[in-house]
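Trainee: Take a look and give me a structure for this.
(2 chains)
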There are 2 protein chains.
Amino acid sequence: MKIHNFSAGPCILPQEVLQKAAESVVQFGDIGLSLIEISHRSAPFVEVMNNARSLVRSLLNVPEGYEILFLQGGASLGFYISAINVLKESGKAAYINTGTWSTKAIKEANLLGEIVEVASSKDKKFSYIPKDSEIPSGIDFLHYTSNNTISGTQFHEIPKTNAPLICDMSSDIFSKKVDVSKFDLIYAGAQKNMGPAGTTLYIVKKSLLGKTGRAIPSMLDLEVHIAKDSMFNTPPVFPIYVSMLTLEWLEKLGGVDAIEKINDAKAKLLYDEIDSNPNFRGLAAVEDRSKMNPTFELTDSSKKEAWDKLWNDNGISGISGHRSVGGYRASMYNAMPIESVQTLVDLMKKL
Amino acid sequence: MKIHNFSAGPCILPQEVLQKAAESVVQFGDIGLSLIEISHRSAPFVEVMNNARSLVRSLLNVPEGYEILFLQGGASLGFYISAINVLKESGKAAYINTGTWSTKAIKEANLLGEIVEVASSKDKKFSYIPKDSEIPSGIDFLHYTSNNTISGTQFHEIPKTNAPLICDMSSDIFSKKVDVSKFDLIYAGAQKNMGPAGTTLYIVKKSLLGKTGRAIPSMLDLEVHIAKDSMFNTPPVFPIYVSMLTLEWLEKLGGVDAIEKINDAKAKLLYDEIDSNPNFRGLAAVEDRSKMNPTFELTDSSKKEAWDKLWNDNGISGISGHRSVGGYRASMYNAMPIESVQTLVDLMKKL
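Mentor: Numbering: from 1, shown residues only, chains lettered A, B, ... in the order given. Just a heads-up that it's a prediction; the model follows:
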């Protein structure tokens, strides 16, 4: 039975990427060794790292003056790294709180200075994106989470601010066009649209850095990593290689423009069904719905067992909602083919 | 041509591990999906994590009261994590400096408190292990690096101290028996004897933690990771799985006792050749020689080209010394078969 992998992350990756990744573990190119048993300073791996960084630059049109790094620790360490690199000693920063991940980002930043929560959708279980937040002056940066995997909301506009803008793009980077020049620092765990768990992308405007007056531990200091071309220490070789393969796959497919059209089509297909099918209702405010993680629930929860059996019997995997929200969540990252969404939609008409 | 992989790390892994790891990337068990595209909260991966932690406990006889974690960031982040979790606010710690890695550990710890370098072998390019260091009283811990990959030295005795003992065991953990009860915190990047780059092992005595009076960022706080069974955030799934496979391989082979005998035999084979062959001389003090990373050089450096050609023509890979030391370094981690060392030794007799 074909499995349709709607997992929220780590999540579906392209089949051809998995094949190439597996081959590299046995035999990498013609060097007679596995990718994972060679020095990260060897020419073949340095090429992988350079390639991965170049692909990020070309796919997202990253402007001059921005650096691209593949580090470790996920967004969870990114919460602290982003703050410690930009928040000045006795500085102040503004955060928009749109759910679990923003809340965690605020918690880590709070260790470093004064954090102002300028807007929050906590009043409605984070089911919407707050708009027109009042951004105070004198802040070192504004931070937000572009897509919220748990509640299924997404920013469809970049928040307006004169302050440096930092964004956790873990769950929607590479899924749609984005004007990188509007941002000063973007970070993103790989394990949604970019690759497997184990590496974290940073895209940072160089001129943003070196202004905090803080002593920053080397591994958390973006300037240290920039100076070493993202090779300050042994990088997570395999996750970076698979990210490179996934970005190559995306490039071949036509890049971010092409995948955005496909993602729009997938989202329309599923949300149209949610809205027209009396058995289901969406959980997020319609205008703020995530194209990556549609969340929905049964209008009659007593039928849950029957629906769950239907999913199970037909290879629909990873569709349970996050425990804090319940219902269902059909994550549809880049590598999810529209055929799988069609299969789900067809099943939604069955009972 | 068979390649003999003497790389200093990332380094040789067992062939059967590479095969199983590759298979998992295409198809993990019977779930119909790749290991790297499933949720880390799914039962199959939770089993991997638990298995990996149990294998560490049994292979090293880790006593009750110690916790085992698979985190990220390598030893480079470990330098800071170890210090921030144990060094009290306005506390003091002692470090033995045996080379590049100890020096880096001291640098990071210096951000947090008073660091006393109680002994150093810098006077002789770190070519020996300082003994009988005077350890001051009133320190929060003593830190050392058990094996020094660059200079090719290794502690063959555990330093004596009444203070909590922290050790960076990145490059010799699982290579020989070790009495974990003598340590309070051990950390080790995976990419030598344990697995591929991308995960870092921590073995920590629980009673050591929670005493610093510091606010520790969540991702750097060992108590946070312990409370979440090493799953506070998305772990580096593939590196942990391959580490688990490598530890299973070691267990099947007879565990640490068995590999220690093999490693002793490999070291004797190579060092005997270095000592008896007039073309070569060892670089580290004889009594402090590393069994993992023998370093040596030509007695007649004008013949370097001929020797290098001989290595190249016969599949001897990764044998160049670190740029700061020069000469040769034949790293012989657990997965290196004695046959490869024999091949090298046979070649050393050729010119």
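Trainee: what's the closest non-adjacent residue to the closest residue to chain B within the stretch 251-351 of chain A?
Mentor: Residue nearest to chain B within the stretch 251-351 of chain A: residue A:318 (6.3 Å; CB to the nearest CB). The C-beta positions use only the backbone N, C-alpha and C, and glycine is treated the same way. Excluding the flanking residues, the one nearest residue A:318 by CB to CB, 6 or more residues apart in numbering or on different chains is residue A:7, at 3.3 Å.
Trainee: Equivalent analysis for residue A:334, please.
Mentor: Per CB to CB, 6+ apart, closest to residue A:334 is residue A:193, 4.5 Å.
Trainee: Might you calculate how far stretch A:86-93 sits from the centre of the chain?
Mentor: 25 Å (CA atoms, centre = their mean, to the nearest Å).
Trainee: Next one: the residue of the stretch 251-351 of chain A closest to chain B, what pLDDT does it get?
Mentor: On pLDDT, residue A:318 comes in at 95.
Trainee: Break chain A into its domains for me.
Mentor: A:4-10+A:255-348, A:15-253 (automatic domain parsing).
Trainee: Quick one: closest of these to residue B:166.
Mentor: domain A:15-253 (16.4 Å; CB to CB).
Trainee: just the residues of the stretch 101-250 of chain A that are near chain B, which are they?
Mentor: Counting by CB under 8 Å from any CB of the partner chain, the stretch 101-250 of chain A comes close to chain B at A:104, A:107-108, A:111, A:189, A:191, A:196-199, A:215, A:217-220, A:232-239, A:242.
Trainee: and those, which of them are in helices?
Mentor: A:104, A:107, A:108, A:237, A:238, A:239, A:242 (DSSP state H).
Trainee: hang on, the residue nearest to residue A:318 packs against residue B:41?
Mentor: No - using CB atoms under 8 Å, residue A:7 is not in contact with residue B:41, being 9.6 Å away.
Trainee: Mind checking which of those two has more residues around it?
Mentor: residue A:7 (25 against 13; other CB atoms under 10 Å in any protein chain shown).
Trainee: Residue B:178 is nearest to which of the domains of chain A?
Mentor: The nearest among the domains of chain A, by CB to CB, is domain A:15-253 at 22.5 Å.
Trainee: ok now do the residue nearest to residue A:318, which residues does it touch?
Mentor: A:317, A:318, A:331, B:37, B:38, B:39, B:42 (CB atoms under 8 Å, 6 or more residues apart in numbering or on different chains).
Trainee: quick one: low-confidence ranges for chain A?
Mentor: For chain A, no stretch has pLDDT under 70.
Trainee: Return the distance of the longest helix seen in it from the chain's centre.
Mentor: Assignment by DSSP H gives helix A:255-276 as the longest helix of chain A. Once both centres are worked out by CA atoms, centre = their mean, helix A:255-276 turns out to sit 17 Å from its chain's centre.
Trainee: What pairs with the helix or strand that comes right after that helix, parallel or antiparallel?
Mentor: With elements assigned by DSSP states H and E, the helix or strand that comes after helix A:255-276 is strand A:280-282. Sheet pairing of strand A:280-282 (DSSP bridges) gives strand A:295-298 (antiparallel).
Trainee: Give me the distance from stretch A:108-118 to the chain's centre.
Mentor: 22 Å.
Trainee: Identify the residues contacting it?
Mentor: A:79-80, A:82-84, A:87-97, A:106, A:133-136, A:139-140, A:142-143, B:215, B:217-219.
Trainee: Doesn't residue A:96 lie inside a helix?
Mentor: No - per DSSP: H, G, I helix; E, B strand; the rest coil, residue A:96 lies outside any helix segment and is strand.
Trainee: can you tell me which residues contact it?
Mentor: Residue A:96 neighbours (CB under 8 Å, 6+ apart): A:102, A:117, A:118, A:119, A:120, A:130, A:133, A:142, A:143, A:144, A:145, A:159.
Trainee: Skipping its backbone neighbours, what lies nearest it in space?
Mentor: The nearest residue in space to residue A:96 (CB to CB, 6+ apart) is residue A:144, at 4.2 Å.
Trainee: so how far is residue A:294 from that neighbour?
Mentor: 20 Å (CB to CB, to the nearest Å).
Trainee: and what of residue A:252?
Mentor: For residue A:252, the distance to residue A:294 - CB to CB - is 27 Å.
Trainee: burial count for residue A:23?
Mentor: Residue A:23: 16 neighbours (other CB under 10 Å).
Trainee: what does the strand or helix carrying it rub up against?
Mentor: According to DSSP H and E, residue A:23 maps onto helix A:15-26. Among residues not part of helix A:15-26, those counted as contacts by CB under 8 Å, 6+ apart are A:34-36, A:238, A:241-242, A:245-246, A:249, A:335, B:18-19, B:21-23, B:25-26, B:34, B:36-37.
Trainee: residues contacting residue A:303?
Mentor: A:279, A:351.
Trainee: which residues touch residue A:41?
Mentor: residue A:231.
Trainee: again, only this time at 10 Å
Mentor: The neighbourhood of residue A:41, defined by CB atoms under 10 Å, 6 or more residues apart in numbering or on different chains, consists of A:231, A:234, B:7, B:8, B:10, B:323.
Trainee: part of a helix, is it?
Mentor: No - in this structure, residue A:41 is coil, not part of a helix, as judged by three-state DSSP.
Trainee: and the stretch 251-351 of chain A, which residues reach chain B?
Mentor: Counting by CB under 10 Å from any CB of the partner chain, the stretch 251-351 of chain A comes close to chain B at A:315, A:317, A:318, A:320, A:323, A:331, A:333, A:335.
Trainee: what residues are up against the third one?
Mentor: Residues counted as contacts of residue A:318 (CB under 10 Å, 6+ apart) are A:3-12, A:311, A:329-331, B:33, B:37-39, B:42.
Trainee: Just those residues: which are in helices?
Mentor: Per DSSP H, the subset of those in helices is residue A:311.
Trainee: among the contacts of residue A:318, which ones are buried?
Mentor: Taking 16 or more other CB atoms under 10 Å in any protein chain shown as the criterion, what is buried in the contacts of residue A:318 is A:3-12, A:311, A:329-331, B:33, B:37-39, B:42.
Trainee: Could you pull out the strands in the stretch 101-250 of chain A for me?
Mentor: If DSSP state E, counting those that start in this stretch is used as the criterion, the strands of the stretch 101-250 of chain A fall at A:114-120, A:142-145, A:147-148, A:153-154, A:165-168, A:185-189, A:200-205.
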